[in-house]
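J.: Here is my input, please return the structure:
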Amino acid sequence: MTTNFEKQALQYKYLWPENDTNDTEPQFDDEDIIDRRNGYHVLSFINRFLAVHGLTNLGSFHKLEWMICKYLPQDLYYRHEIEDWLRKNWGQKVYFY
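T.: A predicted model of the protein is given here:
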């Protein structure tokens, strides 16, 4: 079962450019650049990551968003780099502030 969260689930503020909608089925490429300020990019990335890893609950969604917004190193911006970092750090003890 996959879950597809909508933008109301996001807890941080993002830009929602009119020319960059999430209406079509995106094609995913490891070399995609994820703009962490763009709500469409972040939402799509998180939903895809959850689906690939079999995670379906809102807690996992919020944890991913929090890790991306608060701890992901700024020099990581390609999809594959972000995915690798999240996989490596998912099990780390984290505290939500």
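J.: Backbone torsions only: list them for Tyr71.
T.: phi -130, psi -20 (degrees, to the nearest 10).
J.: Count the residues that sit near the residue lying closest to it once chain neighbours are set aside.
T.: Nearest non-adjacent residue to Tyr71, counting by C-beta to C-beta, 6 or more residues apart in numbering: Asn89, 7.4 Å away. For the C-beta atoms, the positions are set from N, CA and C on the backbone; glycine is no exception. Neighbourhood size, Asn89 [other C-beta atoms under 10 Å]: 12.
J.: got a pLDDT number for Asn19?
T.: With respect to pLDDT, Asn19 scores 78.
J.: mind checking which helix or strand the residue most central in space within the chain is in?
T.: Against the mean C-alpha coordinate of the chain, by C-alpha atoms, centre = their mean, the closest residue is Ile46 at 2.9 Å. Per DSSP states H and E: Ile46 is located in helix 39-52.
J.: Give the residue spans of the protein that score low on pLDDT.
T.: The chain contains residues with pLDDT under 70 at 1-2, 20-28, 30, 93-97.
J.: ok, 80 please
T.: 1-3, 19-31, 93-97 (pLDDT under 80).
J.: From Glu31, how far out is Tyr12?
T.: According to C-beta to C-beta, to the nearest Å, Tyr12 and Glu31 sit 25 Å apart.
J.: Neighbour count: these two, which is higher?
T.: The neighbour comparison of Tyr12 against Glu31 (other C-beta under 10 Å) goes to Tyr12, with 14 against 8.
J.: Provide a list of residues in contact with that one.
T.: Tyr12 is in contact with Glu65, Cys69, counting by C-beta atoms under 8 Å, 6 or more residues apart in numbering.
J.: Right, I'll call it a day here.
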